[in-house]
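**Q** Sequence first, then the predicted structure, then my questions.
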Amino acid sequence: MNIDFPLEKAVIKRYSVRNYDEKEIEADKKIQIESFVNSLDNPFGKKVNFHYLDNKGMESGKALGTYGVIKGARQYIGTTIKLEPMALEALGYELESVILYLAHLGIGTCWLGGTFNRKGFAKAMNIGEDEIFPIITPYGYAATKKHLKEIMMRKTISADQRKEWDMLFYKDDFNSTLTKEEAKDLEFPLEMVRLAPSASNKQPWRILLKDNSCHFYEYKEPGYSDRFQYDIQRVDIGIAAAHFDHAVKEKGLKGSFDITCEPELKLPENMEYVFSWTRE
């Protein structure tokens with residue numbers, strides 16, 4: 001996978017588009033999108049499957065079921081995985097990479113994990129019953145105006161706000177926050193993580209800088225994933241990994257991900273280790 005566009009511009013440009021214009025995506029851009037998707041990989045070595053749907057001729061929200069959240073969308077990308085360790089993180093990593101690429105092209109998207117009818121979309125996308133189908137996104141050009149439900153949803157989840165540094169990043173243990181000065185050349189990758197999207201804008205990632213490694217943790221929101229057969233916040237951790245990984249590569253920082261580097265320390269309640277990134 002080649003991220004050949006400025007990451008920060010794409011991160012800032014991306015937002016959740018819930019109201020779409022009728023303008024079709026140009027043929028050359030469709031080819032670029034499919035080529036980019038075909039080039040995808042992830043640092044966790046898990047297979048993520050992508051499925052496309054062109055919903056021309058039917059009103060997507062009513063026919064397939066997005067519960068009034070999405071208006072005017074014609075095209076969707078769905079993702080499926082085999083449910084195994086690190087698969088949800090791999091899905092988050094790859095789909096967020098696609099979403100950033102689409103933002104770079106000026107095309108809008110919206111992560112949907114709990115507000116779409118899985119059975120309806122699974123049938124339309126020919127997805128097998130043995131596949132886990134966690135996430136879809138519509139994609140297309142944003143309409144000039146947001147619809148009322150979209151405005152209300154953005155306000156409810158404070159969509160344009162993000163947690164501050166001292167709530168997300170730590171040094172050596174979870175009693176000591178990491179300053180931007182202490183982060184040094186990791187300030188940019190961490191800031192890209194801070195700006196990342198997440199389900200209901202929960203921002204469940206926490207990163208601990210210790211022993212030349214960035215250790216990624218999930219703050220597990222009590223009860224949040226109970227309606228799913230998996231921890232949907234692990235997708236968010238994969239999104240954070242994508243922002244971090246693309247940022248360190250853009251800055252020429254060498255390192256790799258590992259799931260076996262958990263440091264020995266006392267964790268706050270509801271905190272769970274996921275993986276680490278270690279400098280070479």
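**A** Arrived safely.
**Q** Just checking, which helix or strand succeeds the lowest-mean-pLDDT helix or strand in the chain along the chain?
**A** One helix or strand of the chain scores below all others by mean pLDDT, DSSP states H and E: helix 60, with a mean of 47. The helix or strand immediately downstream of helix 60 is strand 75-81, counting by DSSP states H and E.
**Q** who does that following strand pair up with?
**A** Using DSSP bridges, strand 75-81 pairs in its sheet with strand 49-54 (antiparallel), strand 132-140 (antiparallel).
**Q** quick one, strands of the protein?
**A** Here the chain has its strands, by DSSP state E, at 49-54, 75-81, 108-109, 132-140, 169-171, 173-177, 205-210, 213-219, 255-258, 271-279.
**Q** Looking at these, which one is packed in the most?
**A** Ranked by mean neighbour count, the strands of the chain are led by strand 108-109 with a mean of 25 (mean count of other C-beta atoms under 10 Å). Where C-beta positions appear, they are placed from N, C-alpha and C, glycine not excepted.
**Q** can you list the strands of the chain in JSON lines and add distance to residue 26 and mean pLDDT?
**A** Formatted as JSON lines, the strands of the chain follow (distance: least, C-beta to C-beta, whole Å; pLDDT from 0 to 100):
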{"stretch": "strand 49-54", "distance to residue 26": "14", "mean pLDDT": "94"}
{"stretch": "strand 75-81", "distance to residue 26": "13", "mean pLDDT": "96"}
{"stretch": "strand 108-109", "distance to residue 26": "15", "mean pLDDT": "97"}
{"stretch": "strand 132-140", "distance to residue 26": "12", "mean pLDDT": "95"}
{"stretch": "strand 169-171", "distance to residue 26": "40", "mean pLDDT": "98"}
{"stretch": "strand 173-177", "distance to residue 26": "46", "mean pLDDT": "97"}
{"stretch": "strand 205-210", "distance to residue 26": "35", "mean pLDDT": "98"}
{"stretch": "strand 213-219", "distance to residue 26": "37", "mean pLDDT": "98"}
{"stretch": "strand 255-258", "distance to residue 26": "35", "mean pLDDT": "97"}
{"stretch": "strand 271-279", "distance to residue 26": "37", "mean pLDDT": "97"}
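**Q** do you know which of those strands lies nearest residue 162?
**A** Nearest to residue 162, of all those, is strand 205-210, at 11.3 Å by C-beta to C-beta.
**Q** which secondary structure elements does that closest one contact?
**A** Contacts defined by 3 or more C-beta pairs under 8 Å, 6 or more residues apart in numbering; DSSP states H and E place strand 205-210 against strand 169-171, strand 173-177, helix 187-194, strand 213-219, helix 233-250.
**Q** 7 Å instead, please
**A** strand 169-171, helix 187-194, strand 213-219, helix 233-250 (3 or more C-beta pairs under 7 Å, 6 or more residues apart in numbering; DSSP states H and E).
**Q** What count of nearby residues applies to the closest residue to residue 234 other than its chain neighbours?
**A** Among residues not flanking residue 234 along the chain, residue 88 sits closest, at 3.8 Å (C-beta to C-beta, 6 or more residues apart in numbering). Using other C-beta atoms under 10 Å, residue 88 has 26 other residues around it.
**Q** Next: the one 10 residues further on.
**A** For residue 98, the count of nearby residues is 21 (other C-beta under 10 Å).
**Q** Repeat that for residue 82.
**A** Residues near residue 82, counting by other C-beta under 10 Å: 12.
**Q** if I pick it, what's in contact with it?
**A** residue 47 (C-beta atoms under 7 Å, 6 or more residues apart in numbering).
**Q** Check what pLDDT it gets.
**A** pLDDT for residue 82: 95.
**Q** Look up how far residue 233 lies from it.
**A** Separation of residue 82 from residue 233 (C-beta to C-beta, to the nearest Å) stands at 19 Å.
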